[in-house]
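Participant: A predicted structure for the sequence below; I have some questions about it.
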Amino acid sequence: MRSLLTLLLASTLAGADSWTDTFTIDKIAIPPGIDPQIGGLDTMPNGNLAMCFHRGEVLIYNPESETWSHFAEGLHEPLGILAESNSSFLIMQRPELTRVKDTDGDGVADLYETVFDGFGMTGNYHEFAFGPARDKDGNLYVSLNVASNGAGVRAEVRGPWSDIGLDRSNMLNGSGWGKFRGKAGRMYSRVAYRGWVLKLSPDGKKFQPFASGFRSPEGLGFDREGRLLVTDNQGDWLGTSKLHHVRKGHFHGHPASLVWNKGWTREPLKVPVPQLDEMRTPAMGLLPQGELANSPTEPRMIPQGVFGPLSEQMLIGEMNQSNLVRFLPDPVGEVSQGAAIPFLRTNALGRGNHRLTFTEDGSLWIGKTHLSWAGSNGLVRIRLKENQEDFLAVEGINLIDCGFHLSFTQAVDRKTLQSVKLRRHTYKYHQAYGSPKIDEKEVACEITEISINDKSCVVKFDDLKEGYLYTMSLPGVTSAKGKPLLGDKIYYTLLKKR
Amino acid sequence: MPVLRPLQSILLTVVSSLPLCAQDGKTLFTQHCAACHLADRQLVGPSLVEVSKLYTGKLDQFLAWCIEPQQKRQGVIQMPPMRHVGEGNLKLIHTHILAASKGVKEVKVKGLDPFYASPSMRKRPQVQRLFMPEAGPAAIAVAVNETLHYCWDAGSCRLRYIWKGDYIDGWAVWKGNGNGLAKIQGDVLLREERTPLPYPKAKPKFLGYKLVNGLPIFRYRLGSVEVLEEILPTSDGLALERTFTVTGANVPTNLTFTASDKVTYSSKKGSWKGTVLSTNPHRNGRFAVTITPKN
């Protein structure tokens, strides 16, 4: 009976799915024999897709002929790939950034050249390594997870050890770890640059510790303005998952990484929270846990001319929920902030959305993984359906002195705008894992200044408060032609008033 | 752990666009299904015993499933569509599955790597980076051939150990988020305590490797010298040929190997004093040593 009900419910939802009316979502079969968890995905200059898998294989997929070829293998948990050419790839694996290259033209890699391994490893499972992202000058950025007290460290580590914190002999894996894990910090950084984003010269020979304060900086990408955007995952010190605008020398809030600041001597967990709060650059975007994102992944810009009016906006992958996130930056002076909107929120997408790339035909490709957390696996192709360019979505949102200015991709049906509701809340900044919503309340608002073409309006309200996440619901809003609004929630992180 | 023979590359079959000729069910099964299905136990997919239970007398349902598989079981990987195999061939495979599972009993296994038999895991030689026991966290496991294997450490730039038997079981690392160590599937012949090269204070810097016939030539720096190191099987496959090529300002004349009662060292050039090999310095820093397992 219960399963019948679930089935009915599921089919009702599927029937009402405006996302799949607008986009096609196709699953591409991965060749058998490969654990199909995709760690990295990129488009090659020739339009083929290169992807690396959980056990270290690198496969190339030709979308035109729908054929696969085996390029490389044996990498250690590769979680990012960047196609330098049709025969050379930069791949971030646990121990290093590696150039994997076919030098003899037979279509199979024969050179695995270490580009950068100047960071530490304790053997703790949570020390994942991500990237690389490349800026317009060719510099490379990689990011390093902190370790988790779900395990200790191995007797033999790579790189220098920081003596700040629990004695090393008590940090070792084994039966004794249970006694000490509570004192290590929920996450820790005892070898170099754990919890940092590093910047490498284009040849990888020089590096600088670029920014600190990360917990699990899973994805790195650049937006149209060249801002380096990096996601981070809810946990200790992160009340909810975040999108950061990463700048040189900034500290982004998770204190474990501070031990690798030059001259730093204090135990990070003993620094008073208000002092840490003072030091940190708050996130550009708060992605509310359970509602929008539990494990955000790679930020990737929609290329010019793709997805109609959403061209050149940012998409972010999400592992644990069946949606992506679209992000609209709206900086105020030097302060980066902006709005997150669900994208492709449909069961047809599924979870595990890890790495994103586009091909010239306008397809978005998503590589999925789970690594034993909630997620999925395999490769998915998303296309905007023909004659569906007139979909309705929020095209832009800007903070103004009396509220938000909203613009839409199409003329809206004015009367449906009356459903708009606004709430705000914030999160605690503390050592504990996650945070409840704090100081949550409904904010009275009204819709004014609807433009003559019905494509923009102002959501006016008095209670503009810095440091809050404003959640705008737009249920039932439709275009003048009756099309539903794709993404009817907006999560705006207000750090600074205009 | 069952000893499974390396299987024909399923991958190549999928990639190939050649039309399939009429074949027998067993060959077709090997080509298209064996990477994921064993007769008597769950691997990536269910055992043939279970498939037979589901599809005896239900050929149409079997074909429908193969052409458009669904996700029915929690925590396992969805089967890729087998439309390309062709309906005629799928019928032959169906017949083979029923025959091959006759009289076989299902073995319940826990903790078996579902990709153990997959071509990319059973390839020999094989180079695989993952967490290995008794090594630093940047370890590399190399299967030189079917029976001889070694672990090389990209952190300290040195050989850690050589073993004989089967290669590795990496399931502890691969089953989840990497929290575990691979298990070696054989007997350790040699644990090397330090690099044989005489630079005890030099800071190692790993530079990567090149694959030649599937085996790596490691490149690294030790202080002022650069080293190429490779470990190849001898022509009979029973021993290992280890070569160092050292270039730079301070080319050594002596290499000190770690003694083990399970191997013997020998070389065509140079003289031995215990496990210390001395060569003429103008041999351009090239050292070739044969490591032979004792019987």
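Facilitator: Happy to help now that I have it. Residues are numbered from 1 along each chain as shown, chains lettered A, B, ... in the order given.
Participant: quick one: the helices in the chain?
Facilitator: This is for chain A. Ranges of helices in chain A, per DSSP state H, are A:2-15, A:18-22, A:177-180, A:273-279.
Participant: Not quite, go with chain B.
Facilitator: According to DSSP H, chain B carries its helices in the segments B:10-15, B:25-32, B:48-55, B:59-67, B:87-100, B:119-122, B:171-174.
Participant: So what's the gap between stretch A:328-335 and the chain middle?
Facilitator: Offset of stretch A:328-335 from its chain centre (Cα atoms, centre = their mean, to the nearest Å): 19 Å.
Participant: can you list contacts of that stretch?
Facilitator: Contacting residues not belonging to stretch A:328-335 are listed as A:223, A:225, A:227, A:245, A:284, A:313-314, A:336-341, A:394, A:396-399, A:492, A:495-498 [Cβ atoms under 8 Å, 6 or more residues apart in numbering or on different chains]. Just so you know, the C-beta spots here come from the backbone N, C-alpha and C atoms, and that holds for glycine as well.
Participant: repeat that with 7 Å
Facilitator: A:223, A:227, A:284, A:313, A:336-339, A:396-399, A:495-496, A:498 (Cβ atoms under 7 Å, 6 or more residues apart in numbering or on different chains).
Participant: quick one: average confidence on it?
Facilitator: Taken as a whole, stretch A:328-335 carries a mean pLDDT of 97.
Participant: Could I get the buried residue list for that stretch?
Facilitator: A:Leu328, A:Pro329, A:Asp330, A:Pro331, A:Val332, A:Val335 (16 or more other Cβ atoms under 10 Å in any protein chain shown).
Participant: coming back round to it: let me know which of the helices of chain B is tucked in deepest.
Facilitator: Greatest average neighbour count among these goes to helix B:119-122 (a mean of 23), per mean count of other Cβ atoms under 10 Å in any protein chain shown.
Participant: need the contact list for the residue positioned nearest the centre of chain A.
Facilitator: Centroid-nearest residue in chain A, with Cα atoms, centre = their mean: A:Thr297, separated by 2.9 Å. Going by Cβ under 7 Å, 6+ apart, A:Thr297 touches A:Glu218, A:Gly219, A:Thr231, A:Ile316, A:Gly317, A:Glu318, A:Met319, A:Asn353, A:His354, A:Arg355.
Participant: Quick check: the first one touching A:Gln234?
Facilitator: If I follow you right, that is A:Glu218. No. When contacts are counted by Cβ atoms under 7 Å, A:Glu218 is not listed as touching A:Gln234 (11.6 Å).
Participant: By mean pLDDT, show me the worst of the helices of chain A.
Facilitator: It's helix A:2-15: among the helices of chain A, that one has the lowest mean pLDDT, namely a mean of 42.
Participant: Just the ones of the contacts of stretch A:328-335 in strands?
Facilitator: A:Gly338, A:Ala339, A:Gly396, A:Ile397, A:Asn398, A:Leu399 (DSSP state E).
Participant: any chance of these in a markdown table, plus neighbour count?
Facilitator: Converted to a markdown table, the ones in strands among the contacts of stretch A:328-335 look like this (neighbours: other Cβ atoms under 10 Å in any protein chain shown):
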| residue | neighbour count |
| --- | --- |
| A:Gly338 | 25 |
| A:Ala339 | 26 |
| A:Gly396 | 16 |
| A:Ile397 | 19 |
| A:Asn398 | 17 |
| A:Leu399 | 22 |
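Participant: Out of the residues you listed, which are close to chain B?
Facilitator: Here nothing survives when the ones in strands among the contacts of stretch A:328-335 are matched to chain B using Cβ under 7 Å from any Cβ of the partner chain.
Participant: List the buried residues of stretch B:269-281.
Facilitator: B:Gly270, B:Leu277, B:Thr279.
Participant: gap between it and the chain center?
Facilitator: On Cα atoms, centre = their mean, the centre of stretch B:269-281 falls 33 Å from that of its chain.
Participant: Residues contacting that stretch, please?
Facilitator: With Cβ under 7 Å, 6+ apart as the criterion, stretch B:269-281 contacts B:251, B:253-259, B:265, B:267, B:283, B:287, B:289.
Participant: Look up phi and psi at the residue of chain B most remote from its centre.
Facilitator: Going by Cα atoms, centre = their mean, the residue of chain B most distant from its centre is B:Gly57, 39.5 Å out. With angles defined as degrees, to the nearest 10, B:Gly57 sits at phi 70, psi 10.
Participant: coming back round to it: can you tell me which of the ones in strands among the contacts of stretch A:328-335 is nearest chain B?
Facilitator: Closest approach to chain B among the ones in strands among the contacts of stretch A:328-335 (Cβ to the nearest Cβ): A:Gly338, at 30.8 Å.
Participant: what residues are up against that closest one?
Facilitator: For A:Gly338, the contact set (Cβ under 7 Å, 6+ apart) comprises A:Met284, A:Gly285, A:Phe327, A:Leu328, A:Pro329, A:Asp330, A:Thr493.
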